[in-house]
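# Starting from these lines, generate the structure:
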Amino acid sequence: MTPIYQTSTYAQSSPGVHKGYEYARTGNPTRTVLENNLAALENGKFGICFSSGLAAMDAVIRLLQPGDEVLACDDLYGGSYRLLTKVHGGFGIKSRFVGMNNLTAFETAIRPETKLIWIETPTNPMLNIVDILAICDIAKKKGILTCVDNTFASPYLQNPLDLGADIVLHSATKYIGGHSDAVHGAVVTNSELYAQKLRFIQNAVGAVPGPQDCFLILRGIKTLHIRVERACQNAAKIADFLRSHSKIKQVFYPGFIDHPGHDIATSQMRHYGGMVSFNLFTDTLDYAEKLLANTKLFTLAESLGGVESLIGHPATMTHASIPKEERLKVGLTDSLIRLSVGIEDVSDLIDDLNEAIDHLP
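So this is what the prediction gives:
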């Protein structure tokens, strides 16, 4: 097992001459092993770790200058929306949110000031699929940087660098860590130039993970493949169950053949993921709250990607920072419920959901 180098500073052989490490914000041996591991998982050359997924995203946005614009998909994590609009928006970096399924409309939306294209796929929480290869081809023609938030898929299911992305980002808190016991973020790139800039930001800003967290993420990576594989198997069966239930109006899951992004997901993912979202037959917060209060195995909590199954209400939890009118534009209603399917016995999970749904009027 990789040792935990629980140290903040390192002995130097003479003033200004260190033995590979000088100060733990700048570098730590446990973190170095993890960064190399993450780079290998994404078929990249350079991995850079941060204290959270949002800290990693913040570093990527800091590659831009005031007056530059981020063109992001219109269905994305609420924290990402908040960081773009409420934080970096105050420092002169503009953001627009557009659909990325119509490639012609997307290319038309690009402006001269567009310097970064921010992609989530599958998206959070509507599970839309973005064609990474096609979007990155458009970006390359125009000389625009691309970053793919690969958190929902994990490196086991999808490798955006292979599809043309410049940078791939993870909230490693989720599937990579996998045990809901560490907060962590990472970016991976094949560009030495971007890696140098991101490492400078990592050190200068200081949003770095501690060695214990790096150790826990390394521990999680050892079982990433079997955890995600089981979660995907469970999610497919749960999606089928929900779709057949009379009290469920709509199920969002890219594994369905009639999902608009099914063919693209099939081409760029190894499986369809462990996330499922659904709408109840009545679009009211009251009904959603009743369901959320009645599950026993599905824990009501934010986050995703752990071994345990979680259930959440995006409108009041993970996406509460997005104005309601913006949420509704992409179909994020007050009755939408998001599942992060874990690795428990799937029949137990289905029974849990069935009993909770049956409690609805």
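# from here on, contacts and neighbour counts on C-alpha atoms
Will do.
# worst-scoring helix or strand of this structure, pLDDT-wise?
helix 324-329 (a mean of 89; mean pLDDT, DSSP states H and E).
# Contacts made by whichever helix or strand comes after that one with the rest, please.
Moving toward the C-terminus from helix 324-329, the next helix or strand (DSSP states H and E) is strand 336-340. With C-alpha atoms under 8 Å, 6 or more residues apart in numbering as the contact definition, strand 336-340 has outside contacts at 125, 274-280, 283, 288, 304-306, 309-315.
# Show me where this protein has its strands.
Taking DSSP state E, the strands of the chain run over residues 12-14, 17-18, 46-50, 69-73, 94-98, 114-120, 145-149, 167-171, 185-189, 248-252, 275-280, 299-300, 310-312, 336-340.
# List the neighbouring strands of the last one plus their orientation.
By that I understand strand 336-340. As defined by DSSP bridges, the strand partners of strand 336-340 come to strand 275-280 (antiparallel), strand 310-312 (antiparallel).
# Looking at stretch 15-33 now, give me its mean pLDDT.
Regarding stretch 15-33, the rounded mean pLDDT is 95.
# Give the full set of residues in contact with the residue nearest to Asn294 when sequence neighbours are not counted.
Excluding its sequence neighbours, the residue lying closest to Asn294 (C-alpha to C-alpha, 6 or more residues apart in numbering) is Ala356, at 5.0 Å. Ala356 is in contact with 291-292, 294-295, counting by C-alpha under 8 Å, 6+ apart.
# ditto for Ser171
52-54, 151, 183-186.
# and if you look at Ser13?
Ser13 makes contact with Lys19 under the criterion C-alpha under 8 Å, 6+ apart.
# For the remainder of this discussion, apply numbering that starts at 542.
New numbering, starting at 542: the last item is Ser554.
# Quick check: the gap between it and Gly561.
11 Å (C-alpha to C-alpha, to the nearest Å).
# re the thing from before, how about the strands of the chain, which one is nearest Ile779?
strand 816-821 (8.1 Å; C-alpha to C-alpha).
# okay, the angle between the closest one and strand 789-793?
Taking axes from the mean of the first three to the mean of the last three C-alpha atoms, to 10 degrees, one finds strand 816-821 and strand 789-793 inclined to each other by 150 degrees.
# and strand 816-821, how far from the chain's centre?
17 Å (C-alpha atoms, centre = their mean, to the nearest Å).
# Then stretch 825-836?
25 Å.
# For the nearest residue to Gly719 once chain neighbours are set aside, give me phi and psi.
Spatial nearest neighbour of Gly719, chain neighbours left out: Gly847 (4.2 Å); criterion: C-alpha to C-alpha, 6+ apart. Backbone torsions for Gly847, taken as degrees, to the nearest 10, come to phi -90, psi 170.
# contacting residues for Gly847?
Under the criterion of C-alpha under 8 Å, 6+ apart, the contact list for Gly847 reads 715-716, 718-721, 881, 883.
# Tell me which residues of stretch 753-767 come out buried.
753-762, 765-766 (16 or more other C-alpha atoms under 10 Å).
# JSON lines for the strands of the chain, including distance to Ala646?
Formatted as JSON lines, these follow (distance: least, C-alpha to C-alpha, whole Å):
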{"stretch": "strand 553-555", "distance to Ala646": "57"}
{"stretch": "strand 558-559", "distance to Ala646": "53"}
{"stretch": "strand 587-591", "distance to Ala646": "33"}
{"stretch": "strand 610-614", "distance to Ala646": "12"}
{"stretch": "strand 635-639", "distance to Ala646": "9"}
{"stretch": "strand 655-661", "distance to Ala646": "14"}
{"stretch": "strand 686-690", "distance to Ala646": "18"}
{"stretch": "strand 708-712", "distance to Ala646": "24"}
{"stretch": "strand 726-730", "distance to Ala646": "28"}
{"stretch": "strand 789-793", "distance to Ala646": "24"}
{"stretch": "strand 816-821", "distance to Ala646": "26"}
{"stretch": "strand 840-841", "distance to Ala646": "38"}
{"stretch": "strand 851-853", "distance to Ala646": "32"}
{"stretch": "strand 877-881", "distance to Ala646": "27"}
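# Relative to Asn569, which of those is closest?
Here strand 587-591 is closest among the strands of the chain (C-alpha to C-alpha), at 10.8 Å.
# Now do that closest one, average pLDDT.
98.
# got the angle between it and strand 708-712?
30 degrees.
# List the pairing partners of strand 587-591 within its sheet, with orientation.
Here, using DSSP bridges, strand 587-591 pairs with strand 726-730 (antiparallel).
# which non-adjacent residue is nearest the residue nearest in space to the middle of the chain?
With distances taken as C-alpha atoms, centre = their mean, Thr692 lies nearest the centre of the chain, 2.7 Å away. Ranked by C-alpha to C-alpha, 6+ apart and with sequence neighbours excluded, the top spatial neighbour of Thr692 is His711, at 4.8 Å.
# so who does that neighbour touch?
594, 597, 690-692, 695, 726-728.
# so where do the helices sit in the stretch 692-841 of the chain?
Under the criterion DSSP state H, counting those that start in this stretch, helices of the stretch 692-841 of the chain are mapped to 733-746, 752-762, 765-784, 803-809, 826-833.
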